[in-house]
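1. Pasting the sequence and the predicted coordinates here, then a few questions.
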Amino acid sequence: MSRILLADASPHAQRLGETILRGDGHEVVTITDGETALRRLADVDPDLVLADVALPGASGYDLCRWVKSQPRHRFTKVILTVGATASLDDEAARRAGADATLQKPFEASALLETVAPLAEFVRRDRAAADPRTASAVDRERIRAAVTLALDAALPAIINEVTDRVVASLEN
């Protein structure tokens, strides 16, 4: 299972990508703009980033260049995506260091066929980088997993606390 950061301003693209990727067993964090994606990279510590080239804030190209320039994310693979009516600048994608490109709307088999080999490369590269720590405790990966779990649980916690506060105020 890989951790994937999906950065796309389109709620439809987010839902579709998330459904396909989670159905294949991946953890997915969705982000709506490039600036937020840049801020969340450290917390999420993704294996792969799927970024729309037309993201508001920082473009997918910008996000890709930043990921590829950071030693901490040296294993992270980046897939640039482009809407059906937009065109991808292949030269800009190459210069940014993109590992792959995909056209939207996402087609399940094309998305999974693109993600699978890149996820496998990341898994092997991380293990090969330091075989002694491949199974050791990795504080940053644990922090990322806790962040994902809290993101998922937060709405339920907020509802429960709200219900208890309202109940105590009504009594």
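-> Now that the structure is in, tell me what you want to look at. Residues are numbered from 1 along each chain as shown.

2. Check which helices and strands the helix or strand hosting residue 43 sits against.
-> Here residue 43, judged by DSSP states H and E, is contained in helix 34-44. Secondary-structure packing of helix 34-44 (3 or more C-beta pairs under 8 Å, 6 or more residues apart in numbering; DSSP states H and E): strand 3-7, strand 27-31, strand 48-52, helix 60-69, helix 139-170. C-beta here means a position set from N, CA and C on the backbone, and glycine is covered the same way.

3. partners of the second one in the sheet?
-> Spelled out, it's strand 27-31. strand 3-7 (parallel) (DSSP bridges).

4. by how many degrees do the strand it pairs with and helix 60-69 diverge?
-> Angle of strand 3-7 versus helix 60-69, following axes from the mean of the first three to the mean of the last three C-alpha atoms, to 10 degrees, is 150 degrees.

5. Please find the angle between the direction vectors of strand 3-7 and strand 48-52.
-> Using the same axes, to 10 degrees: strand 3-7 against strand 48-52 is 10 degrees.

6. what's in contact with strand 3-7?
-> Contacting residues not belonging to strand 3-7 are listed as 14, 17-18, 21, 26-34, 36-37, 40-41, 44-52, 55, 60, 63, 115, 144, 148 [C-beta atoms under 8 Å, 6 or more residues apart in numbering].

7. Find the helix or strand that residue 80 is a member of.
-> Secondary structure assignment for residue 80, by DSSP H and E: strand 77-82.
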